[in-house]
Structures are given as C-alpha cells and as structure tokens.
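**Q** Sequence isn't available, so here's the structure alone:
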C-alpha cells in the first residue's frame, strides 16, 4: 500500500514539473527540457545520463518531443530507485562558498553564470536563464545560496 501511495505522490510531482514545460498544453515537452525537469524533481544526472533517459522515452528519431505518457513511468522508476542523487548539503555549501570569494553569502547572477557555463559540465544559456529565473532574489538581483540549501531545493526526498 505504501508503494502505491508513493507512486501516486511521485506521479503528481512529475506531472506538475512536466506541465510547467508543456508550452503547447498537449502533454509533450521538447526533449531539451528533460534535464531541467529532472533537476526540478531533485535529480542531478550528467548530460550523458539525461541523454540515456531521453533515448528511453523518445517517441521516434524524427520527433524532438517527449510525451508525458512515456516520461512518467521512466521518471517514476528513477525517483523510486533514487537515481542521480544530489550532492550532500555540506559539500554543496562548500562549493558555493568557494565561488563566493568575498564571503558575502550570495552570488551575483553574472558571477554564477560565469562559473556554471565555463566550468565542468557547462550549462547552456537557456538552462542558466531558467535556473536564474527560479532562484534569483528579485529584490537584490542575487542568488542567496544558503537559503536555497536550507529550503532543501537540492533535496532528493520528495
């Protein structure tokens, strides 16, 4: 019974995240949105892992769209198996603090964009725009990283 409830809870969360990117309202999203959807659900796959998920749920090779019907069972399994867990909070905080050289407790949008688009597995401009829209304090135009961590934005437990 608990597993059934958990699946229902996961389904609601997956559907909500999916529909946020379903711009046409037809239960499909552009395949390029899958990584962002997974991130919003607390999963942190590499680009190669995102491509593997896309390969599992693609309608066909000619379509650039993924249907909710195909995405839902695959993403439910990912969440149930706790694949692609986030970095532990303390390690994540340390990473932000390394970037925050002046120890201000926040990063400016330009600063974070520079780090996220030039280092490691670089984000695209579109991914950065989406992240900044979601996480930027609109009053001060900065990202208060400790608040994000304290709010469990990066928590894998749904």
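**A** Sure, I can see it. Because the structure is a prediction, the values reported are computed rather than measured.
**Q** Run through who's touching stretch 47-66.
**A** Stretch 47-66 is touched from outside by 28-35, 38, 45, 67, 70-71, 74-75, 78, 84, 121, with contacts defined as CB atoms under 8 Å, 6 or more residues apart in numbering. Backbone N, C-alpha and C define where each C-beta goes, glycine included.
**Q** Can you list the buried residues in it?
**A** Judged by neighbour count (16 or more other CB atoms under 10 Å), stretch 47-66 contains these buried residues: 49, 50, 53, 54, 57, 58, 65, 66.
**Q** now that stretch, how far from the chain's geometric center?
**A** Taking CA atoms, centre = their mean, to the nearest Å, one finds stretch 47-66 lying 16 Å from the centre of the chain it belongs to.
**Q** Work out for me the element residue 94 sits within.
**A** Using DSSP states H and E, residue 94 sits within helix 89-99.
**Q** got the contact list for that helix?
**A** 86, 87, 103, 107, 111, 112, 115, 145, 146, 149, 154.
**Q** Which ones among these map onto strands?
**A** Among these, DSSP state E puts residue 107 in strands.
**Q** Show me which pair in the contacts of helix 89-99 is furthest apart.
**A** 86 and 103 (23.5 Å; CB to CB).
**Q** quick revisit: give me the average confidence score over the helix holding residue 94.
**A** Across helix 89-99, pLDDT averages out at 81.
**Q** What are the buried residues along it?
**A** In helix 89-99, counting by 16+ other CB under 10 Å, buried: 92, 93, 96.
**Q** Would you reformat those as TSV and include distance to residue 140?
**A** Formatted as TSV, those follow (distance: CB to CB, whole Å):
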residue	distance to residue 140
92	21
93	20
96	16
